[in-house]
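Peer 1: Sharing a model that was predicted from the sequence below.
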Amino acid sequence: MKGNVRYSGRTMADITLFNSYTRKKENVHSLKKGKLSLFVCGPTVYNYVHLGNARTYASFDMIVKYLRFSGLDVFYLQNITDIDDKIIAQANETGVSAQDLALEFEQKYYQDMQELGVDSVNEYARATDFIPEIIAQVNILLEKGYAYDISGDGIYYDISRFEDYGKLAGRTAEQADDGVSRIDEAVEKRNRGDFALWKRSKEGEPSWESPWGEGRPGWHIEDTAITEKYFGPQYDIHGGARDLIFPHHEAEIAQMEAISGKKPLVRTWMHTGFLTVQGEKMSKSKGNFITAREFLKDHSPRLFRLLMLKHHYRLPFDYTESALEQTEAELRYLDAFTDRLRVRAESANPLPGNSSNRIMEDWKSAMNDDFNTPKALASLFELANEGNRLLDENKLSPEHAMGMLSILKAIDSVFSFLFQWRENLVVPHEIQEVVARREQARQEKNWAEADKARQELETLGWETQDTPNGPQVRKK
Ligand code: AMP
């Protein structure tokens, strides 16, 4: 038995998920009947998010949508780290204030998430809006003897005082020495792995009043201050990518469990795998990144979502051009199928058939198994193959087509790549004009002119497909 799992929650639904703490798949647990509290570490807002960050946020978007689809009432909270060394360094480099820089990139983050269809977060909480709560937590840690003051520097957490330090990452306090991620350097620290709770600010840095003088919070304390305010000292699920397990999430446990005396801080820890480039984690510091914005200039968000779903959220996957091309082909195949289905379903009676229930059951059982999206996608492709075959043989009734469409729509309420963006697609006026010109030329059998119009559309980034309902236009 690892650590100290005492938690008076209850099991919910048939969903199992992998808990990084126990390293086992477990049923979803919640403290409050029918409700799930979920916190995911949000971005540090000093730059654009890259596709690695986007993978983590799109994964949790899918996870939350599936939990809600299954009838659970999820409150999804994310923090925004809007004060941090990296923000200050970037602000100094670009000559704007740290606050303006953080606000600018916070807005850009929301825009990027909206573009990617990540719309399941209930609330975003900025670190700097929780300074009084942060100060209160640091105070308690000082009073209880878990923290100490290094004069002229800041308040530090003494990891040797917290017996369980390392229980999430499977390390001992001594091993904390090899932590590489954002270790706070200070010569007078008691243990090398001790981390800053409050940093006294240097000249020109953003700062807030505190009992220990002007300063700013350390990185880990904002999360526990925010989650305590929203959820109390214990809650159901905490997520982030793997790199946050140590020291960040370990530090959160040390802070909150020391403050409240209640264990565990979190019932289930969920961590996403990395998006990699030639086997290496995509990251800002390595410079091997593509921002979400750059990606979206050339590709549709639907492509990113499908690419992501093809890999289990916990496993790493490599970003390659060939994977993109393959996914693009799959997307076209599914689009062509849904177009055919729609046409067939047009004359259906209002009562749809339900002959594809088995596919839906297969999809659910894959999703119930720790969100196994690659397997769940296989059910979706099975439906498309079967539907296409029946359509080819002219054996698909309009009612059956409508039943298939409603299954695909249900699946897409979680996967967000089949219909989203397509249905609401606004075709600009000038594109409509070229399409109409091509249609006119086709009717007049002026193939040279029709071809010219098609090429014009392609140059403008659009394509058209001829269906029994007339031309369907979409972005390439
Ligand atoms: P940051 O802005 O650096 O705090 O990162 C925001 C989120 O993205 C955190 O949950 C990170 O763990 C996650 N993340 C960073 N790089 C990657 C990557 N290559 N693949 C997946 N998630 C990542």
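Peer 2: Perfect, thanks for sending it. These numbers were taken from a predicted model, which means no experiment stands behind them.
Peer 1: got a list of what the nearest residue to residue 222 once chain neighbours are set aside touches?
Peer 2: Setting aside the residues directly before and after it, residue 222 is nearest to residue 127 in space (Cβ to Cβ, 6 or more residues apart in numbering), at 3.8 Å. To be clear about C-beta, it is placed using only N, CA and C from the backbone, and glycine gets the same treatment. For residue 127, the contacting residues are 79-83, 134, 217, 222, 226, taking Cβ atoms under 8 Å, 6 or more residues apart in numbering as the criterion.
Peer 1: and the gap between residue 127 and residue 217?
Peer 2: Noted for residue 127: a distance of 6 Å to residue 217, by Cβ to Cβ, to the nearest Å.
Peer 1: which residues do these two both contact?
Peer 2: With Cβ under 8 Å, 6+ apart, residue 127 and residue 217 have common neighbours 83, 134.
Peer 1: List, one by one, the residues from the stretch 201-350 of the chain near the ligand.
Peer 2: Taking Cβ under 6 Å from any ligand atom as the measure of proximity, the stretch 201-350 of the chain contacts the ligand at 240-241, 243-244, 272, 274-275, 281-283.
Peer 1: now, which of the residues you listed sits nearest the ligand?
Peer 2: The closest of those to the ligand turns out to be residue 241 (Cβ to the nearest ligand atom; 3.0 Å).
Peer 1: how close does that closest one get to residue 337?
Peer 2: Noted for residue 241: a distance of 33 Å to residue 337, by Cβ to Cβ.
Peer 1: Likewise for residue 144?
Peer 2: Using Cβ to Cβ, residue 144 is found at 61 Å from residue 337.
Peer 1: And these two? Which one has more around it.
Peer 2: More crowded of residue 144 and residue 337, by other Cβ atoms under 10 Å: residue 337, with 21 against 12.
Peer 1: Within the helices and strands, which one has that one?
Peer 2: helix 321-345 (DSSP states H and E).
Peer 1: Please list the residues outside that helix that contact it.
Peer 2: Applying Cβ under 8 Å, 6+ apart, the contact partners of helix 321-345 are 299, 302-303, 306-307, 310, 317, 380-381, 384, 387-388, 391, 396, 398, 401-402, 404-405, 408, 417-419, 422, 465, 467-469, 472, 474.
Peer 1: Please identify the buried residues of it?
Peer 2: Within helix 321-345, the residues that count as buried by 16 or more other Cβ atoms under 10 Å are 324, 327-328, 330-331, 334-335, 337-341, 343-345.
Peer 1: go on, stretch 32-39?
Peer 2: Using 16+ other Cβ under 10 Å as the test for burial, stretch 32-39 gives 36-39.
Peer 1: what about that stretch, average pLDDT?
Peer 2: Along stretch 32-39, the predicted confidence averages to a pLDDT of 91.
Peer 1: Then stretch 168-186?
Peer 2: For stretch 168-186, the mean pLDDT works out to 66.
Peer 1: Equivalent analysis for stretch 248-256, please.
Peer 2: Average pLDDT, stretch 248-256: 98.
Peer 1: Same question for stretch 231-244.
Peer 2: In this model, stretch 231-244 has an average pLDDT of 97.
Peer 1: what sits up against it?
Peer 2: Under Cβ under 8 Å, 6+ apart, the answer for stretch 231-244 is 7, 9, 28-31, 36-41, 52, 55-56, 60, 63, 77, 181, 227, 248-249, 252, 256, 259-260, 262, 264-274, 281.
Peer 1: quick one: secondary structure of the single nearest residue of the chain relative to the ligand?
Peer 2: Each residue of the chain has a distance to the ligand, by Cβ to the nearest ligand atom, and the smallest belongs to residue 52, at 2.5 Å. Secondary structure of residue 52, reduced to three states by DSSP: H, G, I helix; E, B strand; the rest coil: helix.
Peer 1: Point out where the stretch 1-150 of the chain drops to low pLDDT.
Peer 2: Low-confidence regions of the stretch 1-150 of the chain, defined by pLDDT under 70, span residues 1-13.
Peer 1: Close to the ligand: what parts of it are there?
Peer 2: 41, 43-44, 52-53, 55-56.
Peer 1: Out of these, flag the one nearest to residue 15.
Peer 2: Minimum separation from residue 15 among those (Cβ to Cβ) is found for residue 56, which lies at 19.7 Å.
Peer 1: continuing past the helix holding residue 337, what's the next helix or strand?
Peer 2: Sequence-wise, the next helix or strand downstream of helix 321-345 (DSSP H and E) is helix 357-368.
Peer 1: Which strands and helices lie in contact with that following helix?
Peer 2: Secondary-structure packing of helix 357-368 (3 or more Cβ pairs under 8 Å, 6 or more residues apart in numbering; DSSP states H and E): strand 10-19, helix 373-392, helix 398-415.
Peer 1: Tell me which entries of the contacts of residue 127 lie within strands.
Peer 2: Using DSSP state E, the subset of the contacts of residue 127 located in strands is 79-80, 217.
Peer 1: Which one of these sits in the busiest neighbourhood?
Peer 2: Within the ones in strands among the contacts of residue 127, most neighbours by other Cβ under 10 Å means residue 217, with 28 neighbours.
Peer 1: that older thread, a markdown table for the residues of the stretch 1-150 of the chain next to the ligand, including secondary structure, distance to residue 447 and neighbour count?
Peer 2: Rendered in a markdown table, the data for these read as follows (DSSP: H, G, I helix; E, B strand; the rest coil; distance: Cβ to Cβ, whole Å; neighbours: other Cβ atoms under 10 Å):
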| residue | secondary structure | distance to residue 447 | neighbour count |
| --- | --- | --- | --- |
| 41 | coil | 57 | 19 |
| 43 | coil | 51 | 23 |
| 44 | strand | 56 | 25 |
| 52 | helix | 47 | 23 |
| 53 | helix | 48 | 25 |
| 55 | helix | 45 | 25 |
| 56 | helix | 49 | 26 |
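Peer 1: And the furthest pair within these?
Peer 2: Using Cβ to Cβ, these span at most 16.5 Å, a distance reached by 44 and 55.
Peer 1: Can you check the pLDDT for residue 458?
Peer 2: 89.
Peer 1: Going by secondary structure, it is in what exactly?
Peer 2: Using DSSP H and E, the secondary-structure element containing residue 458 is helix 447-459.
Peer 1: Repeat that for residue 112.
Peer 2: Secondary structure assigned from DSSP H and E places residue 112 in helix 98-115.
Peer 1: Repeat that for residue 38.
Peer 2: strand 35-40.
Peer 1: how far is that strand from where the chain is centred?
Peer 2: Computed by Cα atoms, centre = their mean, to the nearest Å, the chain-centroid distance of strand 35-40 equals 14 Å.
Peer 1: ok, residues contacting that strand?
Peer 2: Defining contact as Cβ under 8 Å, 6+ apart, one finds that strand 35-40 is touched by 12, 28, 30-31, 56-57, 60, 64, 67, 72-79, 223, 226-227, 230-231, 235-240.
Peer 1: any weak-confidence spans in the stretch 351-476 of the chain?
Peer 2: For the stretch 351-476 of the chain (pLDDT under 70), the answer is 351-356, 421-428, 467-470, 472, 475-476.
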